[in-house]
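S.K.: how would this look folded up:
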Amino acid sequence: MQVTSRLSLMNWVTSQGLTGLPEPELLRGFCERCCAEGLDLSRGLVFIDTLHPIYEGRGFRWTDRSSNESDMFEYGSTAEGDPNKNWRRSVFYHLLEHGEDEMVIDLADAATLDFSQIGDLAEKGHRHFLAFVHRFGESGALGQMDCLYSYWTTRREDGFTPSELEALRDLVPVLGLAIKSAQQVDIARTLGRVYLGRDASEQVLRGRISRGVTERINAVLWYSDLRGSTGISESIGPDEIIPFLNDYAQAVIDPIHEAGGDVLKLIGDGVLAMFWGEDMADARRAALRAEHLFRKNVAALNKRRAAEGRPTTSAYIGLHVGEVFYGNIGSQDRLDFTVVGPTVNEVSRIASMSRSVDRELLASSEFYKGLDAAGRRYLVSTGRYALRGIGRAQDLYTLDPEVEASEPVAGSYERYLAG
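M.R.: The predicted structure is shown next:
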């Protein structure tokens, strides 16, 4: 590949990386342009560890022939089991252990080498293999994202020429920089969603980061609190407390997200969430849908935990509607993107009242009144109560016991929630 062609490809990768072209398209465009310039690639694979609560990293593939392989894949931990064994047999592990940056293999010799994957590549007609490890250095690493790994193959019998190897040595770091940049953006979005909540994360990443910048919105607020969690935590071993909390947090958070809500804050074993939109009747129905899905989740979870001989519980849930301030609150160097206002205090008091009236769901009169006529049929009053710290008494509502006791009513309620 001529120097001018290399520069042209470097410029393309740089410009497309800056515009945010997705990684699989970056890799495909890179490989296709290499081939167009006479560098006869048959396969390219790039992967990079990341910072994610579930996945250890992501990879991207390109091949010159049709394949049922996806052009992007994610992988879990390689710390143990078969993934660890495969990793330790990889070319990349060998390069890291020996402090080397690249390896060239004639795939005709694949059977004599104890490396994973290269035998399969040889069987598929690839003839020459070039692997790179590009290290980021201490200041360029982010968590486990400290290297970019890649390999490149050709089907030509005589393999890569010395000038082609040199071209790849020049070009791959530029591609790697573009992919690393894209992954850093993805990490920022992932961490934002995980720690701030989905909508709050998007607001922050769009630039709403100034202290005191808030907006007044009407929202349905959800506050849930586990039943008897303090006693359970005191009765189980320390190593069981976090799995216990995680199990029930998952049972709460998944249905909130599935119903279109946003989790704003985890407060010990409590969860503060909101549902909002142009149609507040729909937001109310979404909150009821989330509560219904949660009850199904917790029933399945309790069945599993009971079979394992582990403690079980459920949650009290309060639902309320009102105006809140939504945005950045805090100091100059420590902000929280959340909701504040009297409505937030009231929904926590409503959830607490659930214990006194022995109901797992309590909704405010504001929540009840804003439901459509069909929805109001499924709620019944539990009485009028003065909430601690709240200046006025109000009626509180719960699900009609017939929803649980009668199959026809239960079916009707599920159809209402799905509508």
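S.K.: Please make it C-alpha for all contacts and neighbour counts, starting now.
M.R.: Fine.
S.K.: Look up how far V194 lies from K265.
M.R.: Plainly put, K265 is 11 Å away from V194 if you go by Cα to Cα, to the nearest Å.
S.K.: So for those two, which residue has more residues nearby?
M.R.: Legend: neighbour count by other Cα atoms under 10 Å for K265 and V194, higher for K265 (18 against 14).
S.K.: and that one, what does it touch?
M.R.: With contact set as Cα atoms under 8 Å, 6 or more residues apart in numbering, K265 has these partners: L196, G197, V271, L272, A273, T338.
S.K.: tell me, how many neighbours does the fourth one end up with?
M.R.: By the criterion of other Cα under 10 Å, L272 has 22 neighbours.
S.K.: Which helix or which strand is home to it?
M.R.: Using DSSP states H and E, L272 maps to strand 270-275.
S.K.: ok, and what's touching that strand?
M.R.: 219-226, 249, 252, 256, 260-266, 283-284, 286-287.
S.K.: Next one: the residue nearest to Y378 when sequence neighbours are not counted from L142, what distance?
M.R.: Closest residue to Y378 apart from its sequence neighbours, by Cα to Cα, 6 or more residues apart in numbering: D400 at 5.5 Å. To L142, D400 is 52 Å away according to Cα to Cα.
S.K.: what do you get for L264?
M.R.: L264 is 26 Å from L142, where distance means Cα to Cα.
S.K.: higher neighbour count, the two?
M.R.: Legend: neighbour count by other Cα under 10 Å for L264 and L142, higher for L264 (22 against 16).
S.K.: The more buried one reaches T338, doesn't it?
M.R.: Yes: in this structure, L264 is within contact of T338 by Cα atoms under 8 Å, at 6.0 Å.
S.K.: Overlap in contacts, these two.
M.R.: A200.
S.K.: Farthest from the middle of the chain: give me that residue.
M.R.: The centre of the chain is farthest from one residue, D158, which by Cα atoms, centre = their mean lies 45.0 Å away.
S.K.: Tell me the secondary structure at that residue.
M.R.: Classification of D158 by DSSP: H, G, I helix; E, B strand; the rest coil places it in coil.
S.K.: who are the neighbours in contact with it?
M.R.: R127.
S.K.: Return the closest of the contacts of K265 with respect to T230.
M.R.: V271 (15.7 Å; Cα to Cα).
S.K.: ok, what's across the strand from that closest one?
M.R.: Legend: beta-bridge partners of V271 under DSSP bridges are S224, L266.
S.K.: Distance-wise, check it relative to G228.
M.R.: Distance from V271 to G228, by Cα to Cα: 15 Å.
S.K.: Lowest-scoring secondary structure element of this structure by mean pLDDT?
M.R.: One helix or strand of the chain scores below all others by mean pLDDT, DSSP states H and E: helix 198-205, with a mean of 81.
S.K.: That one packs against which elements?
M.R.: Judged by 3 or more Cα pairs under 8 Å, 6 or more residues apart in numbering; DSSP states H and E, helix 198-205 is in contact with helix 162-196, strand 262-267, strand 334-340.
S.K.: Now do it: everything it contacts.
M.R.: So helix 198-205 is contacted by R189, G192, R193, D262, V263, L264, G327, F337, T338 (Cα under 8 Å, 6+ apart).
S.K.: buried subset of those residues?
M.R.: Burial by neighbour count, judged by 16 or more other Cα atoms under 10 Å, picks out R189, G192, R193, D262, V263, L264, G327, F337, T338 from the contacts of helix 198-205.
S.K.: tally of neighbours for the spatially closest residue to H94 that is not a sequence neighbour?
M.R.: The spatial neighbour of H94 that comes closest, neighbours along the chain excluded (Cα to Cα, 6+ apart), is R88 at 7.5 Å. Neighbour count of R88, defined by other Cα under 10 Å: 17.
S.K.: for M103, same thing?
M.R.: Using other Cα under 10 Å, M103 has 15 other residues around it.
S.K.: State whether it and H128 are indeed in contact, as I suppose.
M.R.: No: M103 lies out of contact with H128 (Cα under 8 Å); the separation is 10.8 Å.
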